[in-house]
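> Dropping the sequence and predicted coords here.
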Amino acid sequence: MKRILYGLSCSLFFAPGLLIAQDAAPAARLGVPISPVVRAQSPEFATAAGLDVTPKVMPKGKVSESGGPNPLPMPTSASPMTGGPTVTTPGGTVSGPVIIDPPGAPFPTGPIMGDPLGGCPVGEPCHTNNNCGWYTAVEGLMWWVKSYSVPALVTAGPAGSGATLGSPGTVVLFGANSVDTNPRYGARVTLGYWLNPCWAVELSAFYVRPTNDRFTASSAAYPNQDLARPFFSLNRNIESSEIIGRPGVVSGFAQVDSKSTFYGAELNLRHPWWNSCANRLDFIAGIRYLYLEEQLIISETSRGLGGAGALAGVERNLVDNFTTQNRFLGGQVGAIFEHAEGPWTFSVFGKVAAGVNRQTSEINGAIIPIAGGAPPTRPGGLLALNSNIGIHRRDVFAFVPEVGVNVGYDITPRLRIFGGYSLLYWSDVARPGRQIDRTLDENRIPDFPAAPAAVGTRPLGQVHSESLWVQGVNFGILFKW
């Protein structure tokens, strides 16, 4: 008890001197918010000091309001007991030290409902628009695939001319231009899952419906002309041809079928690199697979007429088949940028894959007797002979870049419809037109008249390649769950 009284007497003695060094301005500015945090006095201390800690109703009014029913009192001088400010209230006088946190004190912790800098509000831990859960997209495709060139395969010209290339009046009915089977229709499906907010696994696959384009030419459509299949003779070093139709000698028709199958898939890891209120940028990395198979089938049927001599009444079917396959497998990197404006979403993506493309060229040819005549003495047709028939393969390095844009509209937070455009480039592919060697050794052609000996071996069976591009539009839906 003596120690408590001694301490109180020391406080009363030193309080006036301490008040000289204090700034009275904070007490005069009670109506202005004070930036430091002010903590309440502990009940134990207030009881020991003889203070009234009973809760009271807050009086109405402001500090400056003197005419109100319950005006707030202005602070008086410092309490001689505590060294702090003394405040007179309707319930009595309350004095005591005011504890103010020093500069650098920790900021109060707790849940934050919004960005203190005025940015985006903090969303739920797993909002439907955030990186969580499953998502899938289904798209319809309408694509255009770069056509490929073929040499002149069917010609027509004046009767007796042989319809050879370069002869007066000869026209090319098929070939010497591009094989075009566009547009092509297909579908693409994407399935993804966010393992955590920073990483997602995404699998995407597309399939383009196989196409089959057919060309036919009949000697009946050219009754006074020669219908032929041209080639270059290695034996005589001149343009020559095989006659399909000639008035009074032979009648027949030629048919060219072009087929194409195209599909692919990719498996990627997706990582958000930058994200703001309306923009986000994701990086992707993974593997990509592409498959392209194309087929060019040239067939002809001819029948000898009275002017054909020993071949009168002989009918046969001839087929040349050129098939190419491309299987690409490589690593891939890319980025996807997305911008949102309300329910609208605009996205741009770019990616590039590099790897190995296995190219296969398969060449077959045959003559099938239909009526009369002996079986052929050699294998082959016309452009597919015993020197190039077979399967030829090679592996080449290739790269596949792809870019595209999409515009989407969010019907609900989980459902979006979208459409866009994309362009894909494949640097090195084998296509049927480049596998045709129209320079022939006539002595290798089955049932063909003998010719002078040729220098060298033709046609050759090699794999030749070219570039490919694919472009088109897509329409689809995206669903998140």
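Received the coordinates, thanks. Just so it is clear, the model here is predicted, and its values are computed rather than measured.
> Can you give me the pLDDT of residue 388?
The per-residue pLDDT reported for residue 388 equals 96.
> number of nearby residues for it?
Using other CB atoms under 10 Å, the number of residues around residue 388 comes to 24. To be clear about C-beta, it is placed using only N, CA and C from the backbone, and glycine gets the same treatment.
> can you count the residues close to the closest residue in space to it that isn't next to it in sequence?
With CB to CB, 6 or more residues apart in numbering as the criterion, residue 388 has its nearest non-adjacent residue at 3.6 Å, and that residue is residue 461. For residue 461, the count of nearby residues is 19 (other CB under 10 Å).
> Make residue 1 into 97 and carry on from there
Yep, numbering from 97; the last one is residue 557 now.
> Residue 439: what's it in contact with?
505, 506, 507 (CB atoms under 8 Å, 6 or more residues apart in numbering).
> Correct me if wrong: the last one contacts residue 575.
To tie it back to what came earlier, the one meant is residue 507. No. Using CB atoms under 8 Å, residue 507 is not in contact with residue 575, being 10.1 Å away.
> Residues in a beta bridge with the residue nearest the centre of the chain, which ones?
Note on the chain: the residue nearest the mean C-alpha position is residue 445, at 6.1 Å, using CA atoms, centre = their mean. With DSSP bridges as the criterion, the beta-bridge partners of residue 445 are residue 432, residue 500.
> Now do it, the pLDDT please.
Looking at residue 445, its pLDDT is 97.
> separation between residue 552 and residue 331?
The gap separating residue 552 from residue 331 is 10 Å, by CB to CB, to the nearest Å.
> Would you mind telling me which of the two has the busier surroundings?
For residue 552 versus residue 331, the count of surrounding residues by other CB under 10 Å is larger for residue 331: 18 against 9.
> Contacts only, for the more buried one.
537, 538, 539, 547, 548, 549, 550.
> Same question for residue 422.
Going by CB under 8 Å, 6+ apart, residue 422 touches 386, 387, 388, 389, 453, 454, 455, 456, 522, 525, 526.
> in the helix or strand encompassing it, what counts as buried?
Following DSSP states H and E, the helix or strand that holds residue 422 is strand 411-437. Neighbour-count burial for strand 411-437, with 16 or more other CB atoms under 10 Å as criterion, is recorded at 411-412, 414-422, 424, 426, 428, 430, 432, 434, 436.
> quick check: domain ranges of this structure?
For the chain, whose domains are defined here by automatic domain parsing, the residue ranges read 98-191, 229-576.
> looking at the ones you listed, which is buried most?
Each of these was scored by mean neighbour count; the highest is domain 229-576, a mean of 17, by mean count of other CB atoms under 10 Å.
> Quick one: end-to-end distance for it.
This stretch, domain 229-576, spans 7 Å end to end (CA to CA, to the nearest Å).
> swap in stretch 500-515?
The first-to-last residue distance of stretch 500-515 comes to 11 Å (CA to CA).
> what do you get for stretch 255-264?
First-to-last distance for stretch 255-264 - CA to CA - comes to 11 Å.
> just how off-centre is that stretch within its chain?
51 Å (CA atoms, centre = their mean, to the nearest Å).
> Also stretch 277-296?
Its chain's C-alpha centre lies 8 Å from the corresponding centre of stretch 277-296 when counted by CA atoms, centre = their mean.
> Residues contacting that stretch, please?
The contact list for stretch 277-296, computed with CB under 8 Å, 6+ apart, reads 226-241, 243, 297-305, 307-309, 354, 356, 358-359, 365-368, 568, 570, 572.
> any idea of the mean pLDDT for that stretch?
In this model, stretch 277-296 has a mean pLDDT of 93.
> So, low pLDDT: which residues of the stretch 197-346 of the chain?
Along the stretch 197-346 of the chain, the parts satisfying pLDDT under 70 run over 197-226.
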